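**Student:** Just the structure for this:
(chains A and B)
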Amino acid sequence: MTSDVAQQDITNRKSGNPINWALDLCALVGGGILNFLAAVGRLADFAIRSVMHCFTPPFYPSQLLRQLTDIGYYSLPVVGMTALFTGMVLALQSYTGFTRFNAEGAIAGVVVLSITRELSPVLAGLMVAGRVGAAIAAEIGTMRVTEQIDALRTLSVNPFKYLIAPRVIAATLTLPLLVLIGDVIGVYGGYIVSIYSLGFSPTTYLTQTWDVVTDMDVISGLWKAAVFGFIVSIMGCYHGFNSARGAQGVGAATTNAVVSSSILILIFNYLITQIFFS
Amino acid sequence: MSDKKADVQASADKIVLKNVSKAFGANRVLNNLDLTVPAGKSLVVIGGSGTGKSVLLKSVLGLLTPDSGSILIDGQESIGSDSKTRSNFMKKFGMLFQGGALFDSLKIWENVSFGLVHGQGMSKKDAKLIAVEKIRAVGLRPEVAELYPAEISGGMQKRVGLARAVASSPEIIFFDEPTTGLDPIMADVINDLIVDQVKDLGATALSITHDMASARKIADFVAMIHEGEIIWKGPVADLDHSDNAYVDQFIHGRADGPITRRVA
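**Tutor:** Okay, here's the model as predicted:
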């Protein structure tokens, strides 16, 4: 009976029956969806395990210190430069547009709100995704393919506690600090252009900036930064930890870490903005 | 290091594998494999590439979970054990990886003492003393302790890997292709070091290799794996008259015989 059905199925497929083409298409789409959901499930499982290991001993303070330095301190020049020039460009572009409506007085407000709410956290997140996410994926991926992660296990050390937890904690804590510094530098960039290039009064500019910005503008940006830091570290660790063999595998893990964390940063930026300002 | 076959039964078994199977998708790598390693003896598993040697070793180490079967370490079931039991097993183990698997970011002495500091909670000061002693024991100068893995040769990395494997005086030591990638003289030096270290510790050793010179030197017993099954096992002295066509072909490195290789 079963073989008859199977034979009929083969005959139908060979005959190019449109119904079978539709079924094949459904199978393809369904398979794709199942694969996607399985990948999301694996990532969620990895993230939950990572978070649990952040709060349970043993802890490795020297590893955490190293990651705080690597992820936080060494990202400062990149984030600072990005914020500075973004603030400067923002002031110039706002001036170009606002002079048409005699609204030059709004430039200081536009700069500070754009920087604190959006540009500083998002651009810092993307820059750190490129610098740190790639480095995490490459380092852990190389450790995977050279059996260093297996070696950790044979030496009675849990790789999640030794490798993953310090990176997740460090990225989640340091990105808000980087963004806070980026906020100040970005606003200062707008200030420089406005004062020395556009001829604004320093006192007026600073007063307008101070009048417009609220605690929530800065805090929302810092929350975003913490989430982005978590995303960057988790995606870097996940792709590195599951890296395929060889140089190509590590290269693919690095690319996937940067691309996936960048996309997730943009998605979560919208969601967090919706939560804070809708 | 030759012994009589009767010794296998007389000794207590340190590692026992029963009906162990492991597949990756449709590829069945271990196929109801049975193997015992007597306590205090060195067993070497020989076999060609892709026959399941590495999967066998990683299954015993707990780095891979078999699909079915049983792996007993000192009579205690390893498969499906909880994290505490697994941790206790790991404290008995030492492992020399094929490529060394040294941690790039750590100095040589930190690599050797890693298990002592992070696995056993020993102070760095005490662990460093032991590490330098082990580095010396594997024939390296103490100054090497302050270098990084990238600053030493492949042969030296193998020695450091051996020092790390024995640093915590494990009961069971695993060797994954210990001589791969080394010149014949350095390979023989590593073989001698393995024999010395295992003997000094009174440890049980399970090795995998396709280097017959290495197998003859470090083994008390030899087992041959083919297509995921142990097809022959016996004392190393019986290797040359095993009456097994697969073993004969393998140890003499002949292209013709029952083992066929796909070359394209």
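**Student:** Quick check: residues of the stretch 1-150 of chain B near chain A?
**Tutor:** Residues of the stretch 1-150 of chain B lying close to chain A (CB under 8 Å from any CB of the partner chain) are B:58, B:61-63, B:87, B:90-91, B:93-95, B:97-99, B:101-104, B:114-115, B:118-120. Every C-beta, even on glycine, is put in place using the N, C-alpha and C of the backbone.
**Student:** Among the residues you listed, name the buried ones.
**Tutor:** The neighbour-count test (16 or more other CB atoms under 10 Å in any protein chain shown) marks B:58, B:61-63, B:90, B:93-95, B:97-99, B:101-103, B:114-115, B:118-119 as buried among the residues of the stretch 1-150 of chain B next to chain A.
**Student:** In contact with the closest residue to chain B within chain A, which residues?
**Tutor:** When scored by CB to the nearest CB, chain A has residue A:156 as its residue closest to chain B, at 3.3 Å. For residue A:156, the contact set (CB atoms under 8 Å, 6 or more residues apart in numbering or on different chains) comprises B:87, B:90-91, B:115, B:118-120.
**Student:** Please tabulate these in a markdown table, including the columns secondary structure.
**Tutor:** What follows is those, written out as a markdown table (DSSP: H, G, I helix; E, B strand; the rest coil):
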| residue | secondary structure |
| --- | --- |
| B:87 | helix |
| B:90 | helix |
| B:91 | helix |
| B:115 | helix |
| B:118 | helix |
| B:119 | helix |
| B:120 | coil |
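**Student:** one step back: any idea which element the residue of chain A closest to chain B lies in?
**Tutor:** Taking DSSP states H and E as the criterion, no element holds residue A:156; it sits outside all helices and strands.
**Student:** give me phi/psi at it?
**Tutor:** phi 60, psi 30 (degrees, to the nearest 10).
**Student:** Could you say which helix or strand holds residue A:127?
**Tutor:** In the assignment (DSSP H and E), residue A:127 maps to helix A:120-128.
**Student:** Check residue A:230 too.
**Tutor:** Assigned by DSSP H and E, residue A:230 falls in helix A:215-241.
**Student:** quick one: that helix to helix A:120-128, angle?
**Tutor:** Taking axes from the mean of the first three to the mean of the last three CA atoms, to 10 degrees, one finds helix A:215-241 and helix A:120-128 inclined to each other by 20 degrees.
**Student:** mind checking how far helix A:215-241 is from the chain centre?
**Tutor:** Average the C-alpha atoms of helix A:215-241, do the same for its chain, and the two points are 6 Å apart (CA atoms, centre = their mean, to the nearest Å).
**Student:** same question, stretch A:67-75
**Tutor:** Centre to centre, stretch against its chain (CA atoms, centre = their mean), the figure for stretch A:67-75 is 16 Å.
**Student:** Sketch out the low-pLDDT regions of chain A for me.
**Tutor:** In the predicted model of chain A, residues A:1-16 satisfy pLDDT under 70.
**Student:** Could you pull out the helices in it for me?
**Tutor:** When secondary structure is read from DSSP state H, chain A shows helices at A:2-14, A:18-55, A:61-67, A:76-98, A:107-113, A:120-128, A:134-145, A:148-154, A:159, A:165-196, A:202-212, A:215-241, A:246-277.
**Student:** To residue B:177, which of these lies closest?
**Tutor:** helix A:148-154 (13.9 Å; CB to CB).
**Student:** Mind listing what's buried along the closest one?
**Tutor:** Neighbour count says helix A:148-154 has A:148-154 buried, by 16+ other CB under 10 Å.
**Student:** Is that helix in proximity to chain B?
**Tutor:** Yes: under the criterion of CB under 8 Å from any CB, helix A:148-154 makes contact with chain B via A:148, A:150-151, A:153-154.
**Student:** list the helices and strands that helix packs on?
**Tutor:** Secondary structure elements in contact with helix A:148-154, counted by 3 or more CB pairs under 8 Å, 6 or more residues apart in numbering or on different chains; DSSP states H and E, are helix A:134-145, helix A:159, helix B:53-61, strand B:93-96.
**Student:** and the longest one with helix A:165-196, angle?
**Tutor:** Looking back up the chat, that one is helix A:134-145. Going by the same axes, to 10 degrees, helix A:134-145 makes 160 degrees with helix A:165-196.
**Student:** Could you list every helix and strand in contact with helix A:134-145?
**Tutor:** helix A:148-154, helix A:215-241, helix A:246-277.
**Student:** Out of the ones you listed, which is closest to residue A:94?
**Tutor:** Of all the helices and strands packed on helix A:134-145, helix A:215-241 sits nearest to residue A:94, with 16.7 Å by CB to CB.
**Student:** just checking, what packs against that closest one?
**Tutor:** Of the remaining helices and strands, those touching helix A:215-241 by 3+ CB pairs under 8 Å, 6+ apart are helix A:18-55, helix A:120-128, helix A:134-145, helix A:165-196, helix A:246-277.
**Student:** Would you mind getting the angle between it and helix A:18-55?
**Tutor:** Interaxial angle of helix A:215-241 relative to helix A:18-55 (the same axes, to 10 degrees): 110 degrees.
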